[in-house]
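Engineer: 3D model of this:
(chains A and B)
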Amino acid sequence: MKIMSRFKCYSITLRATPRLIAVVNIALQLPRFYSVEVSESRARPKASSSNHQDIVNEFSAYCYQKDLPNAMKALDSMHKHKLWADSVTYAELIKCCIARGAVKQGKQVHHHVFSNGYEPKTFLINTLVNMYVKFNLLDEAQVLFDRMLERNVVSWTTMIAAYSNSEHKYKALQMLIMMLRDGVRPNMYTYSSVLRASEEISTLKQLHCCIIKVGLELDVFVRSALIDVYCKWGEPKAALYIFDEMGTSDIVVWNSIIGGFSQNSDGDEALNLFIRMKRTGFWADQSTLTSVLRGCTGLALLELGRQVHVHVIKFDRDLVLNNALLDMYCKCGSLKDANAIFTRMVVKDVISWSTMVIGFAQNGYSRKAIDLFEAMRATGMKPNHITILGVLFACSHAGLVEDGQYYFESMKMDFGVDPGREHYGCMIDLLGRAGKLEEATKLIHEMKCEPDAVTWRTLLGACRVHCDMDLAEYAAKKVLSLDPRDAGTYTLLSNIYANSQRWDEAAKLRRLMRDRGIKKEPGCSWIEIDKQVHAFLLGDEAHPQINAIHQELSRVIRRLKEEGYVPDTNFVYQDLEGEQMENSLLYHSEKLAIAFGILRLPKGKTVRIRKNLRICGDCHVFAKLLAKMEERSIIIRDPIRYHHFHDGACSCGDYW
DNA sequence: CTAGGGTTAG
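Structural biologist: As a prediction, the model looks like this:
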């Protein structure tokens, strides 16, 4: 049914499509059409003597041998004798300049082929335009393009592709319109380039319609561009529709769709598609593996990620792939593996360093994160805003107020990075957790960018840690004024009330939430065992082994109670939806998942859980005590922080 | 001479 309605959507748009110029919404910005002033072209003299022919031949030979220095000398000699070679030879030379980044030489060739009023063929000018594009000298490319006597589809496409990949995407669309006015028909090259230029989803849809109209939607390149761009606009389902409709596809198209889902945080669908791809008989390449790893990262599938790692070894020198692998181990809580990868990587870029800094920080190794950040600086690698976020995060995690303030204050001067919302957020968190709630509030008011809902919720979180009722109410009000439907805020505030035994207010808030129709995402925990992922919801009865799980849970709770564990009923609201049983606390999804892990995993093996909501205080105590009693580590990844429970303690230091 | 895929935060 979904597919039908999606299809319908397209055909409606198609029927409604007026003339292209009106369609693309930007006609008003069109510049005047080109006026061409060029000197008259004359036929080139052929090399008149054998001496002249020798000079040209020598030049050609150097061009085809890719001997740039000698070719340039020979070019000089031709220039003096007013001799010209043919276009293909020049094109070879220009290719050579592009490959070596030889801007100066390229310009000399440009000058030479236009000297003495001669007008090179369209083909050759196209080559030169392309050269300037490759040198990222778009203005020069444009000047050259503007003075062309004749522009063919390649000339236009070269410029359109250039602008599509630049900051001035609207220029690509303008040029498409001018191209059509000029009577030159865009081809598949043109459309697959211009698709990237859409700055609104409606533009993309209109271009899509044009493509269907001219019958180019069957082209593999156009399709993969469509798939890619729909995914970039957060519409992976539309992309999947296009994908499924294709008769043939190649590895790049598979990579587009798999990458599309993994970038839209749908690791599950990305992995399903990967399985389909393998069944179809394609071999994964670097790009596929990168996306698959990203899928594993999102789902915290360490075992699957490890299997992918085996295939990564084939592409040992691929930096992007190694970065994805590194991140997978970090996000799956396996810092030993991550560190091993990081140490082994021969080439590291700022992303590798950032990933590792953040990995240490999120997993509770604050000192290591800060040391690594300093090691990075020592190598001369320049941190970016994300690296700095990582080091601030590390400071806030460990309560290192002074270090945090030092990095925050020096970031602009030392690294040239202006603090953004996230950096302020880290500082608010740091000050707030350290109990400096006043300073945290002051910082919000001093922010250079507008505080958003997340900013205020950070403060609210700090209020919970320190039970500051008044500020909590103030912060919650701020969050809800910016994002009235934020379920987390209602829950957080109601938990703060519950913590202070203000049950009436807690209940009132729950009621308000219900009246406003705000639904909290149901708590869910996942555990990967033996190539299978098991999902648990609160009070879930659906699992085939649920009886054994309940038994195991009762057993460990009984033993923990003997050791002094008292269920903290303040958190009874955490996962509740409406009036539920009193002992619901004992059936929080993570407790079910942990019990299942203990049941199924060999003794001593780490239990790894991923969950979609923040962990509640009771489950946190439960996991700490259980890890000690069972003598095995438990790792729970919530959407923000990582909790490594080991021997009665947690890596988060009880702040989260 | 012009075209498609991958990595860090939130």
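
Engineer: Skipping its backbone neighbours, what lies nearest the closest residue to DNA strand B within the stretch 451-600 of chain A in space?
Structural biologist: DNA strand B sits closest to A:V454 of the stretch 451-600 of chain A, with a gap of 5.5 Å, by C-beta to the nearest atom of the strand. (Glycine included, C-beta is placed from N, CA and C.) Of all residues not flanking A:V454 in the chain, A:G425 sits nearest, at 6.3 Å (C-beta to C-beta, 6 or more residues apart in numbering).

Engineer: I figured A:C231 hits A:Q263, correct?
Structural biologist: Yes. Counting by C-beta atoms under 8 Å, A:C231 touches A:Q263, with 6.4 Å between them.

Engineer: So for those two, which residue has more residues nearby?
Structural biologist: Legend: neighbour count by other C-beta atoms under 10 Å for A:C231 and A:Q263, higher for A:C231 (23 against 18).

Engineer: OK, contacts around that one?
Structural biologist: A:239, A:256-257, A:259-261, A:263-264 (C-beta atoms under 8 Å, 6 or more residues apart in numbering).

Engineer: Give the PyMOL command for selecting the buried subset of these.
Structural biologist: A single PyMOL command selects the buried members of the contacts of A:C231 (16 or more other C-beta atoms under 10 Å):
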select buried, chain A and resi 239+256+257+259+260+261+263+264
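
Engineer: which neighbours does the host helix or strand of A:E528 have in its sheet, and in what orientation?
Structural biologist: Assigned by DSSP states H and E, A:E528 belongs to strand A:524-529. Using DSSP bridges, the strands paired with strand A:524-529 in its sheet are strand A:532-537 (antiparallel), strand A:607-611 (antiparallel).

Engineer: what does the last one contact?
Structural biologist: Okay, so that is strand A:607-611. Strand A:607-611 has contacts (C-beta under 8 Å, 6+ apart) with A:299-300, A:302, A:332-333, A:523-528, A:589-590, A:593-594, A:597-598, A:601, A:632-639.

Engineer: Selection in PyMOL covering whichever of those residues are buried, please.
Structural biologist: Entered in PyMOL, the line below selects the buried ones among those, by 16+ other C-beta under 10 Å:
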select buried, chain A and resi 299+300+302+332+333+523+524+525+526+527+528+589+590+593+594+597+598+601+632+633+634+635+636+637+638
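
Engineer: Keep only those of the contacts of strand A:607-611 that are in helices.
Structural biologist: Among the contacts of strand A:607-611, the ones falling in helices (DSSP state H) are A:299, A:302, A:589-590, A:593-594, A:597-598.

Engineer: thinking again about what came up before, ok, the contacts of A:C231 vs DNA strand B, which is closest?
Structural biologist: A:G259 (3.3 Å).

Engineer: so when I look at A:R317, I'm seeing a strand, right?
Structural biologist: No. Residue state for A:R317 (DSSP: H, G, I helix; E, B strand; the rest coil) corresponds to coil; a strand is not indicated.

Engineer: what's around it, how many residues?
Structural biologist: 10.

Engineer: circling back: touching, the residue nearest to A:V454 and A:T458? I think so.
Structural biologist: Yes. Between A:G425 and A:T458 there is a contact under C-beta under 8 Å: 5.1 Å.

Engineer: Which parts of chain A are strands?
Structural biologist: All strands of chain A, identified by DSSP state E, fall at A:524-529, A:532-537, A:607-611, A:634-637, A:642-646, A:649-650.

Engineer: Now render those strands as JSON lines, adding distance to A:G617 and mean pLDDT.
Structural biologist: Converted to JSON lines, the strands of chain A look like this (distance: least, C-beta to C-beta, whole Å; pLDDT from 0 to 100):
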{"stretch": "strand A:524-529", "distance to A:G617": "16", "mean pLDDT": "93"}
{"stretch": "strand A:532-537", "distance to A:G617": "19", "mean pLDDT": "90"}
{"stretch": "strand A:607-611", "distance to A:G617": "14", "mean pLDDT": "96"}
{"stretch": "strand A:634-637", "distance to A:G617": "13", "mean pLDDT": "96"}
{"stretch": "strand A:642-646", "distance to A:G617": "12", "mean pLDDT": "94"}
{"stretch": "strand A:649-650", "distance to A:G617": "11", "mean pLDDT": "93"}
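
Engineer: Make JSON lines out of those strands and add distance to A:D468.
Structural biologist: Compiled in JSON lines, these are given as follows (distance: least, C-beta to C-beta, whole Å):
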{"stretch": "strand A:524-529", "distance to A:D468": "30"}
{"stretch": "strand A:532-537", "distance to A:D468": "33"}
{"stretch": "strand A:607-611", "distance to A:D468": "27"}
{"stretch": "strand A:634-637", "distance to A:D468": "27"}
{"stretch": "strand A:642-646", "distance to A:D468": "24"}
{"stretch": "strand A:649-650", "distance to A:D468": "23"}
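
Engineer: Is it possible to get TSV of these that adds distance to DNA strand B?
Structural biologist: Shown next, in TSV, are the strands of chain A (distance: least, C-beta to the nearest atom of the strand, whole Å):
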stretch	distance to DNA strand B
strand A:524-529	18
strand A:532-537	20
strand A:607-611	14
strand A:634-637	11
strand A:642-646	11
strand A:649-650	18
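
Engineer: right, and the residue of the stretch 451-600 of chain A closest to DNA strand B touches A:R421 too?
Structural biologist: Yes. Contact criterion C-beta under 8 Å: A:V454 and A:R421 qualify, at 7.4 Å.

Engineer: Show me where chain A dips below the pLDDT cut-off.
Structural biologist: A:1-49, A:569-585 (pLDDT under 70).

Engineer: Any idea which residue is closest to the centre of it?
Structural biologist: Centrality entry for chain A: nearest residue to the mean C-alpha point is A:Q263, 5.7 Å, by C-alpha atoms, centre = their mean.

Engineer: Helices of the stretch 401-550 of chain A, start to end?
Structural biologist: Assigned helices in the stretch 401-550 of chain A, in chain order: A:401-415, A:421-433, A:437-446, A:453-466, A:469-482, A:487-499, A:503-515, A:546-562 (criterion: DSSP state H, counting those that start in this stretch).

Engineer: Tell me which of the ones you listed is the most buried.
Structural biologist: Stretch with highest mean neighbour count among the helices of the stretch 401-550 of chain A: helix A:421-433 (a mean of 24; mean count of other C-beta atoms under 10 Å).
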